[in-house]
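S.K.: need a 3D model of the following:
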Amino acid sequence: MTSAVLRLDGMNVPLETAGPSRKARLTIERDGSLTLRAAEDIDRAELESFLVAKRAWIYKKLAEKEALHYEPVTKELVDGEGFLYLGRSHRLLIARTDDRHVSLQRGRLVLPATLVGDGHAALIRWYRSRGKTWLQPRVTDWAQRLRVNVTAFEVAELGYLWGAAEPTGRVRINWATMQLRPSLVEYVLAHELAHLKEPHHGPTFWNVLARVQPDYADRRTELARVGATTWLGESAVDRNDRGI
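M.R.: Okay, here's the model as predicted:
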């Protein structure tokens with residue numbers, strides 16, 4: 001058995017060569033590391049192409065493995081509960097007021113007492129509204145950079161997907177994304193807009209994204225880390241469905 005190392009998006013992938021089988025086998029170890037096993041006479045370029053072809057599968061499985069280490073985040077509707085907005089934590093204040101909307105006042109997230117009966121729905125509506133306002137000019141900016149046409153944009157409930165883009169030019173971003181710090185929100189947005197140019201997670205897609213966001217790999221890594229501990233509301237069921 002001999003050993004070498006291949007690279008994929010900054011990750012080291014040890015190559016173990018042994019046996020006559022022509023079928024390459026890719027394994028994600030318990031610690032999240034990757035190992036590629038293949039016959040010694042398979043050309044290195046062929047193995048590198050194999051890794052590229054498996055990129056989407058790799059990131060999906062790594063995300064699933066990471067998600068298993070965390071319990072789903074829950075939030076209580078009580079004074080002092082912390083809620084993130086653009087990376088900063090704001091304490092909840094349940095107030096007796098005639099206002100019928102959640103608001104951000106002096107660093108506190110104010111929830112009218114009359115809306116507590118709605119559960120978390122009022123807070124999610126607030127995230128969607130603020131998200132639409134914050135993201136809209138950035139949609140225009142990133143669309144111009146990527147030279148794509150966005151026909152419709154909305155902040156929506158997407159379960160465990162950060163975002164979604166359709167060939168028609170319709171783009172949706174998960175309201176939960178607005179809890180992340182701005183650079184990660186913009187990564188999600190640029191990622192989805194890049195899909196309007198290239199729908200698949202192949203080399204062409206990552207090259208498109210790299211041209212407008214050279215540090216996308218660092219942002220993607222951070223998103224995978226913090227995403228598993230982001231509050232997703234009460235409707236999502238299976239954490240392993242998370243996308244990007």
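S.K.: can you list the domains in this protein?
M.R.: Per the record, the chain has its domains at 2-53, 120-241, by automatic domain parsing.
S.K.: and these, which one averages the lowest pLDDT?
M.R.: Looking at the domains of the chain, the lowest mean pLDDT belongs to domain 2-53 (a mean of 76).
S.K.: now it, how far from the centre of its chain.
M.R.: Distance, stretch centre to chain centre, for domain 2-53: 26 Å (C-alpha atoms, centre = their mean, to the nearest Å).
S.K.: can you count the residues close to the nearest residue to Val52 once chain neighbours are set aside?
M.R.: Of all residues not flanking Val52 in the chain, Pro203 sits nearest, at 5.8 Å (C-beta to C-beta, 6 or more residues apart in numbering). C-beta here means a position set from N, CA and C on the backbone, and glycine is covered the same way. Neighbour count of Pro203, defined by other C-beta atoms under 10 Å: 13.
S.K.: what's the answer for Ala164, then?
M.R.: 15.
S.K.: distance of the nearest residue to it once chain neighbours are set aside relative to Trp162?
M.R.: Nearest residue to Ala164, sequence neighbours excluded (C-beta to C-beta, 6+ apart): Arg172, at 4.8 Å. To Trp162, Arg172 is 10 Å away according to C-beta to C-beta, to the nearest Å.
S.K.: tell me the most buried of the domains of the chain?
M.R.: domain 120-241 (a mean of 17; mean count of other C-beta atoms under 10 Å).
S.K.: chain center to it: distance?
M.R.: Centroid displacement of domain 120-241 relative to its chain, using C-alpha atoms, centre = their mean, is 7 Å.
S.K.: please, where are all the strands along the protein?
M.R.: Assigned by DSSP state E, the strands in the chain fall at 2-8, 11-17, 25-28, 34-38, 82-85, 88-95, 103-105, 108-112, 152-156, 163-165, 170-174.
S.K.: show me the contacts for the closest residue to Ser183 other than its chain neighbours.
M.R.: Closest residue to Ser183 apart from its sequence neighbours, by C-beta to C-beta, 6+ apart: Arg219 at 6.0 Å. Going by C-beta atoms under 8 Å, 6 or more residues apart in numbering, Arg219 touches Ser183, Leu184, Tyr187, Gln213.
S.K.: roughly how far apart are the closest residue to Gln179 other than its chain neighbours and Ala176?
M.R.: Distance criterion C-beta to C-beta, 6+ apart; nearest residue to Gln179, sequence neighbours excluded, is Leu84 at 3.9 Å. Separation of Leu84 from Ala176 (C-beta to C-beta) stands at 10 Å.
S.K.: now swap in Thr114 and tell me
M.R.: Separation of Thr114 from Ala176 (C-beta to C-beta): 25 Å.
S.K.: and Ser49, by the same measure?
M.R.: Noted for Ser49: a distance of 36 Å to Ala176, by C-beta to C-beta.
S.K.: and if you look at Gly233?
M.R.: Distance, Gly233 to Ala176, using C-beta to C-beta: 7 Å.
S.K.: give me the angle between the helix ranked longest in the chain and strand 170-174.
M.R.: If you go by DSSP state H, the chain has its longest helix at helix 121-146. Orientation note: helix 121-146 sits at an angle of 130 degrees relative to strand 170-174 (axes from the mean of the first three to the mean of the last three C-alpha atoms, to 10 degrees).
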